[in-house]
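Colleague: 3D model of this:
(one chain, ligands or ions: 2)
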Amino acid sequence: MSNRIGVLVMSYGTPQSMDDIEAYYTHIRRGHPPTPELLEELRGRYEAIVGGVFPLRENTDRQVASLQDKLEQVAPGRYVCYQGLKHAHPLIEEGVQTMAADGIKQAIGIVLAPHYSVMSVGSYLKRAKEQAAEHGIEFTGIESYHLHPKLLAALTERVAGGLQKLADTVRAERSNAEAVRTKVLFSAHSLPEKIREMNDPYEKQLLETSEAVAKAAGITDWQFTWQSAGRTREPWLGPDILETFRVLREEGYEAALVAPIGFVSDHLEVLYDLDIEAKTFTAELGMSMERIAMLNSDPLYMETLAESIVAATAI
Ligand SMILES: CC1=C(CCC(=O)O)c2cc3nc(cc4[nH]c(cc5[nH]c(cc1n2)c(C)c5CCC(=O)O)c(CCC(=O)O)c4C)C(CCC(=O)O)=C3C
Ligand SMILES: [Fe+2]
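Modeller: Ligands and ions are numbered 1, 2, ... in the order given. Just a heads-up that it's a prediction; the model follows:
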């Protein structure tokens, strides 16, 4: 029996190795193996971004370790962190089992994604809650922290830094640097359109974060767009970021800063979908493009998580 509070830190998960991609993809597809074409396509994207360890694995490991350090500073000896991944080991259920084996009786769950959707955070929390119940662990889940002042401060800092980087790029790439029209694009992972019928808060929360960061950074010319839609036949939320770039170019924009606020780590959707795919696309359109640095283990992000946990477990 332990008096410490277990903190289940949840993230999407990424393959352990190139050989593990098929099993990982099969898990995402709820047990249905991908076609050889889909598998090759995903393998190709990982090959373009992975040099040794898969970046999301390294980043999640570091985030969990940094959060543990932060919690030790705030409340020494009170919390102990466990990792639980949606589609890779240690799975969410395995994280809860380890807690149970350590004698944890009370746990709090938090997801390394600031915005709630029943299809994202909701499904992480559901799995954690069910497993905790099986082990007699009292479990509370944190649904979102998309307007936490420290999260907003960390993102605002990054948008300011990103605009400077973009200005350097524009000066290097174009002779009319002073006259270039620039758009700030906030983005997040698309979801199937059917979430709209479920009254899901995902879109509203993403717009709230975008608006708050734009305001704090003093940006008036911005918009929100989706990215990384799934490869299924059902309709996904749009417009997709590539379509948005095309329209912006038609409207006379020559530069864009992408702020993928729905993600917190360097991983596939950022390192491939934005840095390779979107970058190639904007270059072909003749637009200058940069993206903000991801939060990863940023101290303000770690404080956001720690403060959300402390508030949710106040005595
Ligand atoms: C909302 C959301 C987030 C953000 C919130 C959160 O973080 O939870 C997110 C993050 C991520 N998604 C990731 C990877 C993938 N997601 C896929 C597929 C899907 N994502 C979905 C949703 C989301 N995904 C959905 C509805 C599907 C369709 C299948 C299904 O209904 O579940 C596929 C299959 C192939 C493809 O479609 O591309 C892959 C490989 C990685 C890891 C990257 C890495 O390894 O570096 C991360 C962080
Ligand atoms: Fe995904």
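
Colleague: Name the residues that touch the longest helix along the chain?
Modeller: Taking DSSP state H as the criterion, the chain has its longest helix at helix 149-173. Applying Cβ atoms under 8 Å, 6 or more residues apart in numbering, the contact partners of helix 149-173 are 114, 145, 177, 180, 182, 184, 209, 212-214, 216-217, 219, 254-257, 259, 261, 288-293, 295, 298, 300-301, 303-304, 307. To be clear about C-beta, it is placed using only N, CA and C from the backbone, and glycine gets the same treatment.

Colleague: Which of those residues fall within helices?
Modeller: Under the assignment DSSP H, the contacts of helix 149-173 contribute 209, 212-214, 216-217, 300-301, 303-304, 307 to helices.

Colleague: Among the residues you listed, which ones lie close to ligand 1?
Modeller: Counting by Cβ under 6 Å from any ligand atom, nothing from the ones in helices among the contacts of helix 149-173 sits close to ligand 1.

Colleague: Looking at these, spot the one nearest His267.
Modeller: Tyr301 (15.0 Å; Cβ to Cβ).

Colleague: Quick check: closest non-adjacent residue to the closest one.
Modeller: Among residues not flanking Tyr301 along the chain, Leu295 sits closest, at 4.2 Å (Cβ to Cβ, 6 or more residues apart in numbering).

Colleague: And Glu47, by the same measure?
Modeller: Excluding the flanking residues, the one nearest Glu47 by Cβ to Cβ, 6+ apart is Met18, at 7.4 Å.

Colleague: Surely the one you found is in contact with Arg45?
Modeller: No - judged on Cβ atoms under 8 Å, Met18 makes no contact with Arg45 at a distance of 11.8 Å.

Colleague: Run a quick neighbour tally on the residue nearest to Tyr301.
Modeller: Leu295 has 24 neighbouring residues, counting by other Cβ atoms under 10 Å.

Colleague: Show me what from the protein comes close to ligand 1.
Modeller: Where the chain comes near ligand 1, counting by Cβ under 6 Å from any ligand atom, the residues are 12, 14, 28, 42, 56, 113, 119-120, 189, 191, 230-231, 262, 267-269.

Colleague: Can you flag the buried ones in these?
Modeller: Among the residues of the chain next to ligand 1, those classed as buried by 16 or more other Cβ atoms under 10 Å are 12, 14, 28, 42, 56, 113, 120, 189, 191, 262, 267-269.

Colleague: among those residues, which are in helices?
Modeller: 28, 42, 56, 268-269.

Colleague: what would those residues look like in TSV with pLDDT?
Modeller: As requested, these are exported to TSV (pLDDT from 0 to 100):
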residue	pLDDT
Ile28	96
Leu42	96
Leu56	98
Leu268	98
Glu269	98
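
Colleague: I'd like to know how far the residue nearest to Glu47 sits from Ile108.
Modeller: 35 Å (Cβ to Cβ, to the nearest Å).

Colleague: Likewise for Ala177?
Modeller: Going from Ala177 to Ile108 by Cβ to Cβ gives 49 Å.

Colleague: who's more crowded, those two?
Modeller: Taking other Cβ under 10 Å, Ala177 and Ile108 do not tie; Ile108 has more neighbours (21 against 16).

Colleague: Run me through the strand neighbours of whatever helix or strand that one lives in, direction for each.
Modeller: Assigned by DSSP states H and E, Ile108 belongs to strand 104-111. Paired neighbours of strand 104-111 in the sheet (DSSP bridges): strand 2-11 (parallel), strand 138-141 (parallel).

Colleague: how about the ones in helices among the contacts of helix 149-173, which pair is most distant?
Modeller: Spatial extent of the ones in helices among the contacts of helix 149-173 (Cβ to Cβ) is set by the pair Ala214 and Glu307 at 23.3 Å.

Colleague: re the thing from before, list the buried residues in the longest helix of the chain.
Modeller: 150-159, 162-163, 166-167, 169-170.

Colleague: circling back: among the strands paired with strand 104-111, which is the most enclosed?
Modeller: strand 2-11 (a mean of 22; mean count of other Cβ atoms under 10 Å).

Colleague: Show me what it is in contact with.
Modeller: Here strand 2-11 makes contact (Cβ under 8 Å, 6+ apart) with 56, 60, 63-64, 67, 71, 77-86, 92, 95-96, 99, 102-113, 124, 128, 137, 265, 305, 309, 313.
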